[in-house]
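okay, structure incoming, though there's no sequence with it:
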Ligand code: BGC
């Protein structure tokens, strides 16, 4: 009896030690865990928030972050990641600029024995992704499409999608079209322009809308803008012909300027994705994975090669009616930023 208890105790102790050792191994070796992060851009405010939060969480958890930003350049992202791997990171968090070519980055990481977390944007066509941390991106698009079709059930639509290199852009478009297509099929909605926006650039979005306005004698009733930054470009084009505030425009990211436009009535809505939570989940899960723990997931997303275990967070629609509650009371944006004139 005593022996059995002893063996049980010893077994439990052995399990405990095996769980503890990897974390302590870092401390014992006198080095901190190093998390490599590769981001596509800082041009959209959300990626600035992601970067800030990742740094803050890593600092609080006592791990090092090595962060690189490729500024929408796939070749640069590849060489920056090679560099990170050469420096000896323990795990790679990768938000690809080009979803498909970034597959080679994941392959290189695995070849070096380094696990890969695909962040926000899915890395496509590779078996070498260990985890995906994102939002339900089809739902993001659907929320935009539903909002727009409720406001404008009939009329001329401009449909803008994000960058064709970003798998999210496809999902946002698909989600939005689930709401818009039935109205097109009924003959109530006419899509007068349907275009991708290269690299999510606001100036590209602005030029496209200028062209559509000219081609349609300014008879545009609604614009699906795929994010807040492009919505800014769209609204500039509408303002040039006196239509800002008269034509509903969608968005996502809950950027400060979008919140201001929602209050001013020139942007109808945004989709709030809590990037701070997303960044925290990514860093904390990365730490667990380096320690050899299995992450808890709530979904899988196929990348055309494998079903990637995923942690998907939930997006929320924000408009004038709930902006205080969702963005200000939660502390995501300060009141003076939202109400800045
Ligand atoms: C992100 C959006 C962002 C866009 C442009 C997408 O992959 O999900 O939040 O606005 O990229 O940076």
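That came in fine, so what should we check first? Small disclaimer: the values here were computed from a predicted structure and weren't measured.

if we ignore the residues flanking it in sequence, what's nearest residue 130?
residue 115 (4.5 Å; CB to CB, 6 or more residues apart in numbering). Quick note: C-beta positions are derived from backbone N, CA and C, even for glycine.

and the helix or strand hosting residue 337, what does it pack onto?
Using DSSP states H and E, residue 337 sits in helix 335-338. Judged by 3 or more CB pairs under 8 Å, 6 or more residues apart in numbering; DSSP states H and E, helix 335-338 is in contact with helix 256-264.

immediately after the helix it packs on, which helix or strand?
Next along the chain after helix 256-264, taking DSSP H and E as the criterion, comes strand 270-272.

distance of the residue of the stretch 201-341 of the chain found nearest the ligand relative to residue 276?
Taking CB to the nearest ligand atom as the measure, the stretch 201-341 of the chain has residue 227 as its residue closest to the ligand, at 3.5 Å. The gap separating residue 227 from residue 276 is 17 Å, by CB to CB, to the nearest Å.

who's more crowded, the two?
Under the criterion of other CB atoms under 10 Å, the comparison of residue 227 against residue 276 puts residue 227 first, with 28 against 18.

now the residue nearest to residue 130. Its backbone dihedrals?
Main-chain dihedrals, residue 115, degrees, to the nearest 10: phi -80, psi 150.

make 4 the first number, not 1, from now on.
Sure, I'll start counting at 4 from here, so that last one is residue 118.

how near is it to residue 207?
From residue 118 to residue 207 the distance is 35 Å (CB to CB).

ok so, going back, the residue nearest to residue 133 reaches residue 96, doesn't it?
No: look at residue 118 against residue 96 with CB atoms under 8 Å: they stay out of range, at 9.9 Å.

tell me which of the two has more neighbours.
residue 96 (27 against 18).

you'd agree the more buried one is in a helix?
No: going by DSSP: H, G, I helix; E, B strand; the rest coil, the assignment for residue 96 is strand, not a helix.

ok, it touching residue 289?
Yes: between residue 96 and residue 289 a contact is recorded at 6.0 Å, counting by CB under 8 Å.

quick check: neighbours shared by those two?
Shared contacts of residue 96 and residue 289 (CB atoms under 8 Å, 6 or more residues apart in numbering): 38, 120.

how many neighbouring residues does the one residue in the stretch 4-153 of the chain that gets nearest to the ligand have?
With CB to the nearest ligand atom as the measure, residue 47 is the residue of the stretch 4-153 of the chain nearest to the ligand, at 3.9 Å. Under the neighbour criterion other CB under 10 Å, residue 47 is assigned a count of 18.
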